[in-house]
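K.L.:
Sharing a sequence plus its predicted fold:
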Amino acid sequence: MTPMASDKEITFSGKGKSPKHHPFKKKIQKTDRVNSPFARRYPQGNKSTVYFQDALDGEDSIEDEESLGSTFRKSKTDLQLQSQQLLPGRKALPVYQNKDEIMSYIAQNQVTVLIGETGSGKSTQIPQFIMSCLDSNKKKKIAVTQPRRVAAISLATRVAMEYGCNVGDDVGYNVRFDNRSNDKKTKLKYLTDGMLLRELMLDKNLSQYEYIIIDEAHERTILTDLILGFLKELISPDKNGARSADLKIVVMSATLQAEKFSEFFNNAPILFVKGRTYPVENFYLTTKDSTTQTDVVESMIRSIVQINSSEPFGGDILCFLPGQEEIDKAVTILSKIAPVLKNSYLSTDVKQKVPELVPLPLYAALPPNKQLFVFNRLNPKKFQRKVVLSTNIAETSVTIPGVKYVIDSGLRKVKVWRHELGLSTLLTVPVSQASCSQRSGRAGREFPGKCYRLFKESDFKKLPPQSEPEIVRCDVANPILMLKKIGVDDILNWSWLENPGKNSIVMGLQELYTLNALDDNGKITGKGEKMALLPLAPHLSNVLLQAIDNNCIEPVLDIVSCLSVENLLLNPLPEKRDEVNEKRFSLCTNGSKYGDLIMMKELYDMYLSLSSAAEKQNWCQELCVSYRGFKNVLKIKEQLKQYVKKIQGTGASNLSMDDDNDEMSGASSKTSSLDISSVLKCFLHGFVKNTAIGMPDRSYRTTTTGEVISVHPSSLLFLNKTCPAILYTEYVFTTKGYARNVSRVELQWLQEVALTARKTK
DNA sequence: GAGCACTGC
């Protein structure tokens, strides 16, 4: 036995409770049930299991997107053969067995809410059923929305195979940077909800569609919520909805928010289709010391060790922890004790040794190649057990094969926007009961499993049934701008699925007004129209439009593109932190003086100046920046450039972009000739509120409220205390108020921008 | 002298 295991035992109570017995069961019983017998999992033994298994439930994998959709076109006979081969598997799906009943509901109702449990086949089959009863005379399409890109791509690929066509013909998809659909041919189109919203802004009646299917509606992303609101207005006769008769809507959801959707759509019928998961037993903490908050990492490790020493070999462990910090800590400890532990014996069979634990971290900021480890099978000869320590990413976005045990800390991290303060805070909060079910369900994907919850059953009952929808805790400036663009005047009384609240809306409107997107009457301005169409946050759109007027579009385009990529600058490991910081500092001569925005421009130019992919990769590794991220930067820049050209074409400005100077021919505008003050003034226009003045005591105070704000240690300007004023693109509160992504600005620029802003208003 | 959960255009 090891010190860790003998020290303190954690005891779990509770008879097995499968996720089907969750507290929402009662609500569902009064709805129409379409039950089907429990059956085996989808019998499709394809080698690329991660991808196909995921496609069934509309989930993502971390695989390279490029490898998902194949451009290879198959012959008609091959396609038909393949479709035939897949048919028996489809027929065995719960959804397929209830096809007629489901379809008669959809035919008789304008809106149908469908609850399909994991593995029911809803995302692949329902759209195909509907496709067979499309009125071919109308030449209209079916849209299926997904919250994530990868899901849209993999579902379309799978369904095309089942249907017997090449992707992009009858069945296609459309996601940012990748449109494989044909306006004339495509009848069934999978798209991201962001894409459908974009289509809405260009044609608010969505006239090319006869059916709209909103999948994964329970995830309640801002974009899904907005689409549902628009659809409601579109079909309601008393709001003069243009499609009150000829548009059908199916809202699909995996958990049980059905009542809410049903009520929202005038008591639409709710259908329930059973899934195909294995039962999962849930256990709760009973130990007394759980009442005094013990360290979550510590109790997690005890539980892992305990499971490993009491459960028979076979079946991996998936652990949910709130963040990177906890995960890294747990992995470090486990790596240290694993070699010792493997010499101990099972508590149930003293002659049997325990498997060796192989701890693997999983979170978004982890380099992609390290994320892939969790999918690797361990060598079966090597008597090992995988322990994946993950954030929320494994709750919805990723499916890890082989998991039989789940340990749930019951915590997650959430970014909360404080509209009254204009800053975001990062909080560790308890998850909802729905999240708990989702997490424990991860243990029952391949075989019956067990879930250990690191809290008491009485605490579970106190948890909120559902997580707070995103829209109530985020900045709503962008959603409001979209509403305005589509022509909604009364934002406060719009048909919000969840109203973000008066204060939040008023702050959003004010924000848009100061960005000149709205006029004195709250109507959208010409500038606002352009901002709404740009695939950027309103502040960045404003910066870009300002750059057209200031004649410095090239460098600003580069920087804005960099800012659009999450995790472009990776967090160096603690031991390499100083080294990487110094390298960035000495390499970016202008950035070291003017700050992070200018550094990005310098890094971008350096990246472009390297010729081979190998050189680029090396360079990225050395400076701890993301290679994949930079590839994305180029794509985004190309897209933004097209928008800018369109805007310039409309006569907003006579300045044109220099075509010979694009990124393919090397650095566009050399940093040496870079007009730093022009560039930073553009950013000041979009981020006037995000400025602070240097005080005699070398602290900074915000220009809005006078609060003390500190430069974040990740900034190049962290050690530089001599800026007259600073501009930052993000203001976060953790242990104190931090400005992230900081630039040096002159006091005079602040005045200048304040004056011009007032004039144009 | 900090650490960012996760998406989307």
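P.N.:
Perfect, thanks for sending it. Residues are numbered from 1 along each chain as shown, chains lettered A, B, ... in the order given.
K.L.:
quick one: contacts for the residue of the stretch 351-500 of chain A found nearest DNA strand B?
P.N.:
Relative to DNA strand B, the nearest point of the stretch 351-500 of chain A is residue A:364 (2.6 Å; C-beta to the nearest atom of the strand). To be clear about C-beta, it is placed using only N, CA and C from the backbone, and glycine gets the same treatment. Going by C-beta atoms under 8 Å, 6 or more residues apart in numbering, residue A:364 touches A:391, A:393, A:567.
K.L.:
Over to residue A:202?
P.N.:
So residue A:202 contacts nothing (C-beta under 8 Å, 6+ apart).
K.L.:
Give me the phi and psi for it.
P.N.:
phi -90, psi -30 (degrees, to the nearest 10).
K.L.:
confidence score at it?
P.N.:
pLDDT, residue A:202: 90.
K.L.:
Same question for residue A:429.
P.N.:
88.
K.L.:
I'd say it and residue A:411 touch.
P.N.:
Yes. Residue A:429 is in contact with residue A:411 according to C-beta atoms under 8 Å; the separation is 7.0 Å.
K.L.:
neighbour-wise, which of those two wins?
P.N.:
Set residue A:429 next to residue A:411 and count neighbours by other C-beta atoms under 10 Å: residue A:411 wins out with 19 against 15.
K.L.:
if I pick the more buried one, what's in contact with it?
P.N.:
Here residue A:411 is in contact with A:296, A:320, A:321, A:322, A:428, A:429, A:430, A:431 (C-beta under 8 Å, 6+ apart).
K.L.:
how about 10 Å then?
P.N.:
For residue A:411, the contacting residues are A:296, A:320-323, A:326, A:392, A:428-431, A:454-455, by C-beta atoms under 10 Å, 6 or more residues apart in numbering.
K.L.:
what are the phi and psi values for the residue nearest to the spatial centre of chain A?
P.N.:
In chain A, the C-alpha nearest the mean C-alpha coordinate belongs to residue A:148, at 6.8 Å (C-alpha atoms, centre = their mean). Main-chain dihedrals, residue A:148, degrees, to the nearest 10: phi -120, psi 150.
K.L.:
excluding its backbone neighbours, what's nearest residue A:674?
P.N.:
Once flanking residues are discounted, residue A:674 sits nearest to residue A:555: 5.7 Å by C-beta to C-beta, 6 or more residues apart in numbering.
K.L.:
what about the one you found, how many residues close to it?
P.N.:
Residues near residue A:555, counting by other C-beta under 10 Å, number 26.
K.L.:
Same question for the one 10 residues further on.
P.N.:
For residue A:565, the number of neighbouring residues by other C-beta under 10 Å comes to 17.
K.L.:
pretty sure it contacts residue A:559?
P.N.:
No. In terms of C-beta atoms under 10 Å, residue A:565 does not count as a neighbour of residue A:559; the distance is 11.4 Å.
K.L.:
where do the contact lists of those two overlap?
P.N.:
residue A:633.
K.L.:
Which strands and helices lie in contact with whatever helix or strand residue A:263 lives in?
P.N.:
Here residue A:263 sits within helix A:258-264, counting by DSSP states H and E. Applying 3 or more C-beta pairs under 10 Å, 6 or more residues apart in numbering; DSSP states H and E, we find helix A:258-264 packed against helix A:25-29, strand A:111-116, helix A:222-235, strand A:248-253, strand A:270-273.
K.L.:
tell me the mean pLDDT for it?
P.N.:
92.
K.L.:
least trustworthy helix or strand in chain A by mean pLDDT?
P.N.:
helix A:25-29 (a mean of 28; mean pLDDT, DSSP states H and E).
K.L.:
Mark which of the contacts of residue A:364 are buried, thanks.
P.N.:
A:391, A:393 (16 or more other C-beta atoms under 10 Å).
K.L.:
Show the pLDDT at the residue of the stretch 601-750 of chain A found nearest DNA strand B.
P.N.:
Here the stretch 601-750 of chain A gets closest to DNA strand B at one residue, residue A:734, 2.6 Å apart by C-beta to the nearest atom of the strand. The per-residue pLDDT reported for residue A:734 equals 81.
K.L.:
mind checking which of the helices and strands packed on helix A:258-264 is nearest residue A:242?
P.N.:
Residue A:242 lies closest to helix A:222-235 among the helices and strands packed on helix A:258-264, at 6.4 Å (C-beta to C-beta).
K.L.:
quick one: secondary structure of the residue in the stretch 401-550 of chain A positioned nearest to DNA strand B?
P.N.:
At 3.1 Å from DNA strand B, residue A:535 is the closest residue in the stretch 401-550 of chain A, using C-beta to the nearest atom of the strand. Here residue A:535 is recorded as coil under DSSP: H, G, I helix; E, B strand; the rest coil.
K.L.:
Now for it: which residues touch it?
P.N.:
Per C-beta under 10 Å, 6+ apart, neighbours of residue A:535: A:176, A:194, A:198, A:541, A:564, A:636, A:639, A:640, A:643.
K.L.:
a markdown table please, covering the helices and strands packed on helix A:258-264 and showing distance to DNA strand B and mean neighbour count.
P.N.:
Below are the helices and strands packed on helix A:258-264 laid out as a markdown table (distance: least, C-beta to the nearest atom of the strand, whole Å; neighbours: other C-beta atoms under 10 Å):
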| stretch | distance to DNA strand B | mean neighbour count |
| --- | --- | --- |
| helix A:25-29 | 26 | 11 |
| strand A:111-116 | 21 | 26 |
| helix A:222-235 | 6 | 22 |
| strand A:248-253 | 17 | 24 |
| strand A:270-273 | 25 | 23 |
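K.L.:
Reformat these as CSV; add distance to residue A:729.
P.N.:
Listed next are the helices and strands packed on helix A:258-264 as CSV, based on distance: least, C-beta to C-beta, whole Å:
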stretch, distance to residue A:729
helix A:25-29, 44
strand A:111-116, 40
helix A:222-235, 20
strand A:248-253, 35
strand A:270-273, 44
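K.L.:
thinking again about what came up before, is the residue nearest to residue A:674 in a helix, a strand, or coil?
P.N.:
Classification of residue A:555 by three-state DSSP places it in helix.
K.L.:
Compute the distance between it and DNA strand B, please.
P.N.:
For residue A:555, the distance to DNA strand B equals 20 Å [C-beta to the nearest atom of the strand, to the nearest Å].
K.L.:
Return the residues in contact with the closest residue to residue A:232 other than its chain neighbours.
P.N.:
Take residue A:232 and drop its neighbours on the chain: the residue closest to it by C-beta to C-beta, 6+ apart is residue A:495, 4.8 Å away. Each residue near residue A:495 by C-beta under 10 Å, 6+ apart is listed here: A:228, A:229, A:230, A:231, A:232, A:233, A:236, A:239, A:264, A:488.
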